[in-house]
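In: Just to be clear, the model below is a prediction. Sequence and coordinates:
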Protein chains: 2
Amino acid sequence: MTEPVFWIAPIAAIVAMIFAWRFYKEMQAEDEGNEKMRTIGGHVRTGAMAYLRQQYKIMLVVFAVVAGLFAYLAYGLGIQNVWLPVTFVFGGFFSALAGYFGMQTATRASTRTTAAAQTSLAKALRISFRSGAVMGLVVVGLGLANLVFWFILVDLLTPGDAIDGARLVLVTTTVLTFSMGASLQALFARVGGGIYTKAADVGADLVGKVEAGIPEDDPRNPAVIADNVGDNVGDVAGMGADLFESYCGSILAASALGAAAYVAEPTMQLKAVVAPLAIAGVGILLSVLGVYMVKTREGADQRELLHALSRGINVSAALIVVAAAGVLWLLGIDNTWGIWAAVVTGLVTGIIIGRSTEYFTSPSYRPTRSIARAAEGGAATTVIAGIGVGMLSSIPPVVAVCAGTMLAFLFASGFDVAQMGQGLYGVAIAAVGMLSTLGITLASDAYGPIADNAGGNAEMSGLGPEVRERTDALDSLGNTTAATGKGFAIGSAALTALALIASYVEVIRIDLIAAGITTLVLPDGASVATAEASLLQFMAYYNVTLLNPVVLIALFLGAMVAFAFSGLTVLAVGRAAQLMVDEVRRQFHDNPHILRGKADPDYERCVAISTVGAQREMILPSVIAIAAPVLVGLLFGVAGVVGLLVGGLATGFALAVFLSNAGGAWDNAKKHIEAGHHGGKNSVAHRASVIGDTIGDPFKDTSGPSLNILIKLMSIVAIVMTGVTVSFSLL
Amino acid sequence: MTEPVFWIAPIAAIVAMIFAWRFYKEMQAEDEGNEKMRTIGGHVRTGAMAYLRQQYKIMLVVFAVVAGLFAYLAYGLGIQNVWLPVTFVFGGFFSALAGYFGMQTATRASTRTTAAAQTSLAKALRISFRSGAVMGLVVVGLGLANLVFWFILVDLLTPGDAIDGARLVLVTTTVLTFSMGASLQALFARVGGGIYTKAADVGADLVGKVEAGIPEDDPRNPAVIADNVGDNVGDVAGMGADLFESYCGSILAASALGAAAYVAEPTMQLKAVVAPLAIAGVGILLSVLGVYMVKTREGADQRELLHALSRGINVSAALIVVAAAGVLWLLGIDNTWGIWAAVVTGLVTGIIIGRSTEYFTSPSYRPTRSIARAAEGGAATTVIAGIGVGMLSSIPPVVAVCAGTMLAFLFASGFDVAQMGQGLYGVAIAAVGMLSTLGITLASDAYGPIADNAGGNAEMSGLGPEVRERTDALDSLGNTTAATGKGFAIGSAALTALALIASYVEVIRIDLIAAGITTLVLPDGASVATAEASLLQFMAYYNVTLLNPVVLIALFLGAMVAFAFSGLTVLAVGRAAQLMVDEVRRQFHDNPHILRGKADPDYERCVAISTVGAQREMILPSVIAIAAPVLVGLLFGVAGVVGLLVGGLATGFALAVFLSNAGGAWDNAKKHIEAGHHGGKNSVAHRASVIGDTIGDPFKDTSGPSLNILIKLMSIVAIVMTGVTVSFSLL
């Protein structure tokens, strides 16, 4: 890589790992508390590792089969990129590795956070937040390090002249296939993890709280460890894999689109490819700085705690705005300020989505309060209110993404709509900008389950009320950041998917050339070289217009896939939870000593049941997500695939926001009532709000986040299957 | 009209009115029962008329304002079709008139059905079904008569040669504006009616059944009349206006697309314009025949009753398949069998959607039974199950519409995908085919509330159990047909909206020519005459490709509008129901004699409250539905509008199916439990299922059906505002 600015990326990746290691070591050096605390923490850690082992076992099989298939397509039939089988495996492996490190850290950190909370709130916050930062930094560090590695390797091994424009398009679209592995692993972590966590949660609540009448986090409940494991599985490993995919996908899509947009100007082209990597790099460095800004004083209240967290994120974001300008200026890229404005647009879009999520799901604002008030009329009225509010809550994120997309397009294209290539590069760069703070935003997500588990540990270990009060404060803070984090994850998934869809056509171009189709005959009879066809000409060649029935149909199917996928994941939680309910009932029945606290329940069995249930239940939705773009590609060709992806994205995005926010709002409406409003605990309103919260559980922690994966996975599957689509499609 | 086959349409329209009049007279001649029955029937009739009066009053104002605006645009600025202000008013007036006749008949028929049920099930079925047929035949009769009238008038008054191809395009696109009035009136009837009916229903249940502990349909409940009125308002007037719009819209869109597709061959062009009118005509004649086939023996069970109804519809449909072939053969249209196959495709698609709706919402099948079983675990599990099943239920209708669209396109284009004009004509013709049985399918929808009200009347009048048993049998049959009818309404709305979107571009063409833009310069520099540009060239001119950011953004916004509109209508029911709850509580409190049965409650006040609440609550969603296409047109131009419409349609269709089927399934799951399963009445499962049913009420009777209006109204607003879009759009 002859562009010096490029080296910001590998340096930043190494810095991320060094600080991740440092935060891990700092945490390990802390006191782990008394024996009871350690035992409980050990159960959770063992459970989490058991889950991961099982997931990795199945992944190994699936990855082996898919890699074999890719190898056959690439080496046997010669219709796929030869790098695909290798990059695919690496993408999956490193995403899984990041999840492994994150879980190891999180499960170790929670007991230490509990121990610290015995004496100091500030210290407990520092331990838990910096442990969360391990996940954040490992994700961005491993992600960026891999991309850098592949760029260098593929660049070295691709024959041809360094300043041959078409060559860099080939390099970037090749490295793009790395996303496929990350995406498939994210499917396991997010969909499987989402089903796991809610099956354990609902199962533990239904038998423990409702039937046996024991409190939450009671060690007599056999599912309690599975429930605690679930928090880590969902919000650490699941969220991490989801954002690992968005992070890598957006950078890679931006590089590929940059290479394509500037194909005629090789020097500018290289700068366009390097820019997203360099911006991601400075984002990492400033995220590390941000982590150090998160600290609080003893006895801080919720507002102060939230302020401490926000300070870290806001300072990082503000500095990135400045640093990105510097990087782009150093690069000397054309239209420097336009590209910079696209980066800032992405950052601002992310912040707006986060704020909107907070508005719709926090009990400090009207929407959630109206849901709490509706609970006075019973379960039906509060559920109706939550669904109405959830649907309305899709307005600000969708409008923000639309405005962000349009502005980024206009900025990067120099307000010339005909410059579609450069405009779409701007959209991808905006996604990179949004995700540039990921190191620290993911830290505040992964922090949540650590604090939550710390509270559970304090409860189970029977620590004093002042300890529980401190862990409660941290837990409550985690709930707020979790809601914001979900909004951020959805918004970045939507923007990443958009960038991936735009790159799809560039990959098709490469495959057409590889298949020997060097000239395209357009509908009006004109001919154009495949390598030089503009995006508009590609659209005309494939008739990707909205009146083409193939495009319309595929769009309808895309919308339907989003609903079907959500329906399946919602029902999956119900079935997996039923298995857990049966097991907990069986343990209580077979050994009455458990409920009397005289015998330990069999935690491992519950963990195993949730694990197996989740793995089985994720099969059908996963098959749909992977098969849809392949089948539509075979039946309807390129026009159909683009229609499917856009339809799935438009509907899936709005649906994901609806599901996540409705779930988050019900959860907080319940908490609002528990805080003493509308009759408080055990009132009619409270019972109604518990029903709303239970309905919201699979909405917000399974189906909603799983849709993030669906929209990205469908796009990346389409991208890696272009060879098959080009070779075998019927239309 | 020089094409003799054309005259089938006016003859059929007259036949429809004659039989409607005849069925009405027959019903009027029947015994109306004892005084109590007549009094109760009178209350419902008075309430229904009070509702209609209020709705028509507001409509008058809105129509005057909008017509004035159209007149200004057409005569003042000269940028709109000069016929628009007139056709608009007629479309609204005749849709409202059909609703008025239908309500007059339905409210009179229910007491007579009750009276007949005292002695005979067969007679009660005949009275109620034939009274429902009045609505069905008035809708198709008035609809078709109007279209025929406008075709003749506009044809006569449009200058130019009869065999000038461009002239017939102008005539058909002009008459298309008739849909705007029908669509705006449908908005009032369907959205306002949907809010009315559920506000009354939920309000009556919450205070009457839950708080005061009096049974359903008890005359002491002040909201009971409003509830009965609501059934008529929703399922007679609302459903009728919805399908009046689909019926007219699909015929008009097919004519406009036919004129455009065959613009170069004037004789064939006229045949293509006449074909949809003639097919609708034979559909009416055979629907009348079908009505006469609906009869049953005394003591028939549910299966036999359903069989009697199905026989009427199936015979009509089968005969239409044959008759359509005859009509098209008589016309001598090009590609006769291709067009015929498109008609049949539409019919079959409608049947598949109806069957799928039945499968997902009938307690005879697994989905609804699984929801009933989940009720054993409480409200949360049954709600989760219903939402999962509802989401999955979008698969068959969407796939059916996709397959139907593709096949109709291929058949009509002679399997030549490049013949987009003829293919899209085939899609519109398929919509006409689906709606050709409307005379009888709408009869079976409007029959539902008559039977329901008859049961209510029997209950309130204190008639014997054998009467109630007969009315219950008829009511239960009505529930099945209502579910199927809803699926049919959604499917036909989707196909009609698709046809309208396709016609949009043809209207744009007319407006461009009117604005003096006679040549289009395409992106590749070539020029083409506006009058002769192919659809593909139009798409290229406006860059309506899926990678154009404007199209993408508008698609996202379309998906979001569908969710926002649903959210608003769901919340509207909650608020309007609250007004009713307050009023019923007030009456019970102010006059304790009411609950003791010693004083009549003030029914009129409840009717008025529900009416006013509904009218107020429908404002915001209505404004969104109308403003969205106008604003997107002004901001983003033609490409944006097409994106918005397609995004709204794809998401709205799947969302409507989800909402309607989830609601229908919860309703029937409750009935299944009440029939003695899972513990029967007053069990835990029953209480949970009541919550599910209440949540489903606004889903299935307000938001779901309102989405039908949204997707059609946005399309027709876009069509009538083309002049404004062409003249003022920013992009």
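Out: Received the coordinates, thanks.
In: When you work out contacts or count neighbours from here on, use the C-alpha atoms and nothing else.
Out: OK.
In: Show me where the stretch 351-500 of chain A has its helices.
Out: A:366-374, A:379-392, A:395-412, A:420-435, A:438-460, A:465-514 (DSSP state H, counting those that start in this stretch).
In: winner for burial among the ones you listed?
Out: helix A:420-435 (a mean of 32; mean count of other C-alpha atoms under 10 Å in any protein chain shown).
In: which strands and helices sit next to that helix?
Out: Contact here means 3 or more C-alpha pairs under 8 Å, 6 or more residues apart in numbering or on different chains; DSSP states H and E; on that basis helix A:420-435 packs against helix A:239-261, helix A:266-293, helix A:336-361, helix A:395-412, helix A:465-514, helix A:535-542.
In: Flag every buried residue along the second one.
Out: Pointing back at helix A:266-293 there. Judged by neighbour count using 16 or more other C-alpha atoms under 10 Å in any protein chain shown, the buried positions of helix A:266-293 are A:266-291, A:293.
In: By residue count, tell me the biggest helix in chain A.
Out: helix A:619-674 (DSSP state H).
In: now that one against helix A:395-412, angle please.
Out: Going by axes from the mean of the first three to the mean of the last three C-alpha atoms, to 10 degrees, helix A:619-674 is angled at 120 degrees with respect to helix A:395-412.
In: on that earlier part again, looking at the helices and strands packed on helix A:420-435, which is nearest to B:G238?
Out: helix A:395-412 (27.8 Å; C-alpha to C-alpha).
In: Any residue of that closest one touching chain B?
Out: Yes - interface with chain B: helix A:395-412 contributes A:395, A:398-399, A:402, A:405-406, A:409 (C-alpha under 8 Å from any C-alpha of the partner chain).
In: what secondary structure does the spatially most distant residue from the centre of chain A sit in?
Out: Using C-alpha atoms, centre = their mean, the residue of chain A lying farthest from its centre is A:G525. It sits 44.7 Å away. Using DSSP: H, G, I helix; E, B strand; the rest coil, the three-state assignment for A:G525 comes out as coil.
In: residues touching it, list them.
Out: Taking C-alpha atoms under 8 Å, 6 or more residues apart in numbering or on different chains, we find A:G525 in contact with no residue.
In: separation between it and chain B?
Out: 12 Å (C-alpha to the nearest C-alpha, to the nearest Å).
In: how many neighbours does the closest residue to A:S476 other than its chain neighbours have?
Out: Excluding its sequence neighbours, the residue lying closest to A:S476 (C-alpha to C-alpha, 6 or more residues apart in numbering or on different chains) is A:Q302, at 7.9 Å. By the criterion of other C-alpha atoms under 10 Å in any protein chain shown, A:Q302 has 13 neighbours.
In: how about the residues of the stretch 301-450 of chain A near chain B?
Out: Counting by C-alpha under 8 Å from any C-alpha, the stretch 301-450 of chain A sits next to chain B at A:379-381, A:383-385, A:387-395, A:398-399, A:402, A:405-406, A:409, A:420.
In: at 7 Å instead, please
Out: Proximity of the stretch 301-450 of chain A to chain B is confined to A:379-380, A:384-385, A:387-389, A:391-392, A:394-395, A:398, A:402, A:406 under the rule C-alpha under 7 Å from any C-alpha of the partner chain.
In: As JSON lines, these with pLDDT and distance to B:V5 would be great.
Out: Below are these laid out as JSON lines (pLDDT from 0 to 100; distance: C-alpha to C-alpha, whole Å):
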{"residue": "A:A379", "pLDDT": "92", "distance to B:V5": "59"}
{"residue": "A:A380", "pLDDT": "91", "distance to B:V5": "55"}
{"residue": "A:I384", "pLDDT": "95", "distance to B:V5": "52"}
{"residue": "A:A385", "pLDDT": "96", "distance to B:V5": "54"}
{"residue": "A:I387", "pLDDT": "97", "distance to B:V5": "51"}
{"residue": "A:G388", "pLDDT": "97", "distance to B:V5": "50"}
{"residue": "A:V389", "pLDDT": "97", "distance to B:V5": "53"}
{"residue": "A:M391", "pLDDT": "98", "distance to B:V5": "49"}
{"residue": "A:L392", "pLDDT": "97", "distance to B:V5": "50"}
{"residue": "A:S394", "pLDDT": "97", "distance to B:V5": "50"}
{"residue": "A:I395", "pLDDT": "97", "distance to B:V5": "50"}
{"residue": "A:V398", "pLDDT": "97", "distance to B:V5": "50"}
{"residue": "A:C402", "pLDDT": "97", "distance to B:V5": "50"}
{"residue": "A:M406", "pLDDT": "96", "distance to B:V5": "51"}
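In: which regions of chain A sit below the pLDDT cut-off?
Out: Low-confidence segments of chain A (pLDDT under 70): A:1, A:162-163, A:731.
In: Centroid-nearest residue for it?
Out: Short answer for chain A (C-alpha atoms, centre = their mean): A:D242, at 2.7 Å.
In: Contact partners for the nearest residue to that one once chain neighbours are set aside?
Out: Spatial nearest neighbour of A:D242, excluding adjacent residues (C-alpha to C-alpha, 6+ apart): A:A186 at 5.3 Å. Residues near A:A186 by C-alpha atoms under 7 Å, 6 or more residues apart in numbering or on different chains: A:238, A:241-242, A:245, A:709.
In: host element of A:A186?
Out: Applying DSSP states H and E as the criterion places A:A186 in helix A:178-186.
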